[in-house]
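S.K.: all I have is the shape, not the residue letters:
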C-alpha cells in the first residue's frame, strides 16, 4: 500500500510541476535560494518550493526570505526531510501545499499558525512520529490523505469551518484514539478512518448526510457508533472489519444497506434496520458470527448474494413477502439456523442460498417458487420438514436442481390455501359491541370481520320533580336495559310573611314557638284589639322598628 501511495505521490508531483512551469513562465515570478530554502517570489510574496534535505532538528520557517513575506509552503517542499524533528509554520503563511511534509519520518512537533487557511492533499502523510496536531480554526480546507499513515498520531481536533472529511484523511493512523468532528461537517469521505485500529468511539455530528465507502473499514477497536438521523447514504464496506462493534441502529433516512457494510463485524449482536430500507446488498453481514437475530423489514425488495453468509449464531429468519430477489449463498454456512420462512415474493431459490446450514430443521416455501437451483440446500442433513404453501401438483412442477440432498430426506407438508366464503352468521351491533360477519373456508377455518360499529346507548328519561323538602330524580333507561339516575336537589321553602308560597308551610319562630295559626298574641286579634294593634304598628313603622311575633311572623 505504501508503494502504491508513493507512486500516486510521484504522479501528483509531475502534474503539479508541469502546472507550476506553465503558470510561472507566463508571469514575472523569480526563483532564488536563501540558506536551506529554494523560493519563488511573485507579486512580492514567497512560496518555498524546496528545502535542502540536510536541514535537521527544530526548524522555525522564516516569515521573510530575500526580503519578501513567506506566504506559502509549496508542494513537496519538505518532503523526505527525515532529520527534522520540529516545524513551526510562521504567521503570514496561508497555504501548505500537496505533499509539503510527506515522509518527514522523525517529525514529532508541529505548530501551524492561525493564518493558514488551506492544507493540501497528503501534506503530512507518512509523518510517522507525529503524536498530535492542533489545526487552527482559520483552516477551511484539508485535502485528501492529509494525515494518512501518521502512525503515532493519537488525537486531533478539526476546525469549525471544515465541511468535509476528505478521502484517506486519517487512514492508517493506527494509534488515533480521539477525534473531534465539528458540527459543520456534512460528509465523511472514502476510507477517511480506514484502519484507525485504536479508535474505540467517535461522535458523528447531526448534519452528516454521507458516510462514504470504507469510511471506518477495519477500525477494529470501534465498539460504539451513533449514526445521526441526517445520514442518507452509508457506502460499501463503511464498517467492514469493525470486529468490536456490538450494536448499530440505522436511521430512517437510510434506504439501502450497501455491499459489505458490516461484513466481518464479529461481535455485532444487535442491528436495527428501519422500514425505510428497500435493499440489502451483497455480503452486507457476511461473517457477523455473533448476530443471533435480525428482522428484515417489510419494504425490503432485494437481498444480495452472501448477505448473511457465515452468520453462525442466526437461528431463525423470516424473509418478508416484499422480497422478490434473493441472491446466491445468502444464508450459506449459517450453521445454527433452525427455521426459515420464505415470503411469497420469491420465485427462485438460488444456488447456495441455504448451503451447509447444518442445523436447519424446517423451512416454509411458498407456491410462488418455480425453481430451486443446483446446490441450494447441500449439507442440510437435519432438514426434516418442508412446509409448502401449495398442492402436491404444484410442488411436483417446481424445477429442482441437483445436489440438494436436504430436500430429498425431508417430509413435505402441503399447507392448504384458504378460500373463504361469506358465512350465514352475522352478528348485529349492540349498544356496546361491534357487529361482525363470519367468513368460513371449506376446511372449517373461520375468521370474523367487523361489519358495523357499536351503536352506543340511546336513553329515554322519566322525571320526578323535587319538592321543598324532598329530592327529585331523572331516571334514564336504554332499550338494552342499561340505566342510570340523576338527582334533582330539593328546592327549599320560599317564605312570604312566614308562609311558603310553594307548599303553604308556615315558618315557626325560634325556640319552637307555635305557628301563627295557633298563636294567641294580640297581633293576630281582630275587632277592636286588632285596630289597637294597627295603631301600634303605625308608630313602629314611624320609628323604623320591626318587631317579630313569638310565632316568627314579622309585624310589618
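M.R.: Perfect, I can see it now. Quantities reported herein were computed from a predicted structural model and do not represent experimental measurements. Residues are numbered from 1 along each chain as shown.

S.K.: pLDDT below threshold where in the stretch 351-500 of the chain?
M.R.: Along the stretch 351-500 of the chain, the parts satisfying pLDDT under 70 run over 416-420, 422-425, 442-445, 495-499.

S.K.: quick one, helices of it?
M.R.: 392-397, 405-409 (DSSP state H, counting those that start in this stretch).

S.K.: for the shortest one, list every residue counted as buried.
M.R.: So that's helix 405-409. For helix 405-409, burial by neighbour count (16 or more other C-beta atoms under 10 Å) applies to 406, 407. Glycine gets a C-beta too; all of them are placed from N, C-alpha and C.

S.K.: got it, and stretch 394-402?
M.R.: Taking 16+ other C-beta under 10 Å as the criterion, stretch 394-402 shows 394, 395, 398, 400, 401 as buried.

S.K.: nearest to residue 466, of the helices of the stretch 351-500 of the chain?
M.R.: Nearest of the helices of the stretch 351-500 of the chain to residue 466, taken as C-beta to C-beta: helix 392-397 at 77.9 Å.

S.K.: chain neighbours aside, what residue packs nearest to the spatially most central residue of the chain?
M.R.: Centroid-nearest residue in the chain: residue 251, 3.4 Å away (criterion: C-alpha atoms, centre = their mean). Nearest residue to residue 251, sequence neighbours excluded (C-beta to C-beta, 6 or more residues apart in numbering): residue 229, at 4.4 Å.

S.K.: sorry, back to before: nearest to residue 358, out of the helices of the stretch 351-500 of the chain?
M.R.: Comparison of those against residue 358 by C-beta to C-beta identifies helix 405-409 as nearest, at 9.9 Å.

S.K.: run through who's touching the closest one.
M.R.: Under the contact criterion C-beta atoms under 8 Å, 6 or more residues apart in numbering, helix 405-409 has outside partners 354, 360, 372, 377, 378, 379, 380, 381, 383, 384, 386, 400.

S.K.: a markdown table for the buried residues of stretch 394-402, including distance to residue 485?
M.R.: Listed next are the buried residues of stretch 394-402 as a markdown table, based on distance: C-beta to C-beta, whole Å:
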| residue | distance to residue 485 |
| --- | --- |
| 394 | 66 |
| 395 | 68 |
| 398 | 70 |
| 400 | 75 |
| 401 | 78 |
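
S.K.: which among those gets closest to residue 181?
M.R.: If you rank the buried residues of stretch 394-402 by distance to residue 181 using C-beta to C-beta, residue 401 comes first, at 50.6 Å.

S.K.: let me know whether the closest one touches residue 378 as I believe.
M.R.: No - using C-beta atoms under 8 Å as the test, residue 401 is too far from residue 378 to be in contact (10.3 Å).

S.K.: now the common contact residues for these two.
M.R.: What both residue 401 and residue 378 touch, as defined by C-beta under 8 Å, 6+ apart, is an empty set.

S.K.: I'd like the distance between the nearest residue to residue 178 once chain neighbours are set aside and residue 133.
M.R.: What sits nearest to residue 178 in space, not counting adjacent residues and going by C-beta to C-beta, 6+ apart, is residue 155, at 3.9 Å. Using C-beta to C-beta, to the nearest Å, residue 155 is found at 8 Å from residue 133.

S.K.: between the two, which has more neighbouring residues?
M.R.: residue 133 (21 against 14; other C-beta atoms under 10 Å).

S.K.: so the more buried one: helix, strand or coil?
M.R.: strand (DSSP: H, G, I helix; E, B strand; the rest coil).

S.K.: could you pull up the residues touching it?
M.R.: 110, 112, 124, 147, 150, 153, 156.

S.K.: pairing partners for it in the sheet, please.
M.R.: residue 156 (DSSP bridges).

S.K.: before we move on, what about residue 464?
M.R.: Beta-bridge partners, per DSSP bridges, of residue 464: residue 473.

S.K.: try residue 452
M.R.: Bridge pairing for residue 452 - DSSP bridges - gives residue 435.

S.K.: gap between residue 66 and residue 84?
M.R.: For residue 66, the distance to residue 84 - C-beta to C-beta - is 22 Å.

S.K.: looking at those two, which one has more neighbours?
M.R.: Using other C-beta under 10 Å as the criterion, residue 66 and residue 84 rank with residue 84 on top: 23 against 14.

S.K.: check contacts around the more buried one.
M.R.: 55, 56, 57, 59, 78, 104, 106, 107.

S.K.: what's the neighbour count on residue 227?
M.R.: What residue 227 shows, counting by other C-beta under 10 Å, is a neighbour count of 18.

S.K.: how much space is there between the residue lying closest to it once chain neighbours are set aside and residue 283?
M.R.: Residue nearest to residue 227 in three dimensions, not counting chain neighbours: residue 251, with 5.7 Å by C-beta to C-beta, 6+ apart. Distance from residue 251 to residue 283, counting by C-beta to C-beta: 22 Å.

S.K.: residue 90 now?
M.R.: 50 Å.

S.K.: settle it for me: which of the two has more neighbours?
M.R.: residue 283 (25 against 15).

S.K.: if I pick the more buried one, what's in contact with it?
M.R.: Residue 283 sits next to 259, 260, 263, 304, 305, 306, 307, 309 when contact means C-beta under 8 Å, 6+ apart.

S.K.: for the last one, give me its contacts.
M.R.: Right, residue 309. So, once contact is read as C-beta under 8 Å, 6+ apart, residue 309 ends up touching 283, 286, 287, 329, 330, 331, 332, 333, 334.

S.K.: next one: it from residue 186, what distance?
M.R.: Counting by C-beta to C-beta - residue 309 and residue 186 are separated by 34 Å.

S.K.: any chance you could map the helices in this structure?
M.R.: Secondary structure of the chain (DSSP state H): helices at 2-25, 392-397, 405-409, 527-542.

S.K.: end-to-end on stretch 398-412?
M.R.: End-to-end distance for stretch 398-412: 13 Å, by C-alpha to C-alpha, to the nearest Å.

S.K.: how many residues are close by residue 211?
M.R.: 27.

S.K.: I'd say it and residue 236 touch.
M.R.: No - using C-beta under 8 Å, residue 211 makes no contact with residue 236, being 10.8 Å away.

S.K.: where does pLDDT dip in the chain?
M.R.: The model of the chain has pLDDT under 70 over residues 1-28, 416-420, 422-425, 442-445, 495-499, 501-502, 504, 506-526, 540-556.

S.K.: residue contacts, the residue nearest to residue 483 when sequence neighbours are not counted?
M.R.: Of all residues not flanking residue 483 in the chain, residue 477 sits nearest, at 4.4 Å (C-beta to C-beta, 6+ apart). Contact analysis of residue 477 by C-beta under 8 Å, 6+ apart lists 459, 460, 461, 462, 483.

S.K.: what sits opposite residue 477 in the beta ladder?
M.R.: residue 460, residue 483.

S.K.: ok, so what distance separates it from residue 461?
M.R.: 8 Å.

S.K.: and what of residue 156?
M.R.: Distance from residue 156 to residue 461, by C-beta to C-beta: 80 Å.

S.K.: cool, residue 113 as well?
M.R.: Using C-beta to C-beta, which is the criterion applied here, residue 113 is 90 Å from residue 461.

S.K.: equivalent analysis for residue 53, please.
M.R.: Residue 53 is 107 Å from residue 461, by C-beta to C-beta.

S.K.: compare these two and say which is more crowded by neighbours.
M.R.: residue 53 (14 against 11).

S.K.: what sits closest to that one if chain neighbours are left out?
M.R.: Per C-beta to C-beta, 6+ apart, closest to residue 53 is residue 81, 5.7 Å.

S.K.: hmm, the one you found is touching residue 51, no?
M.R.: Yes - contact criterion C-beta under 8 Å: residue 81 and residue 51 qualify, at 6.0 Å.

S.K.: neighbours of residue 289, just the number please.
M.R.: Neighbourhood size, residue 289 [other C-beta under 10 Å]: 20.

S.K.: ramachandran angles for it?
M.R.: Phi and psi for residue 289, reported as degrees, to the nearest 10, are phi -70, psi -20.
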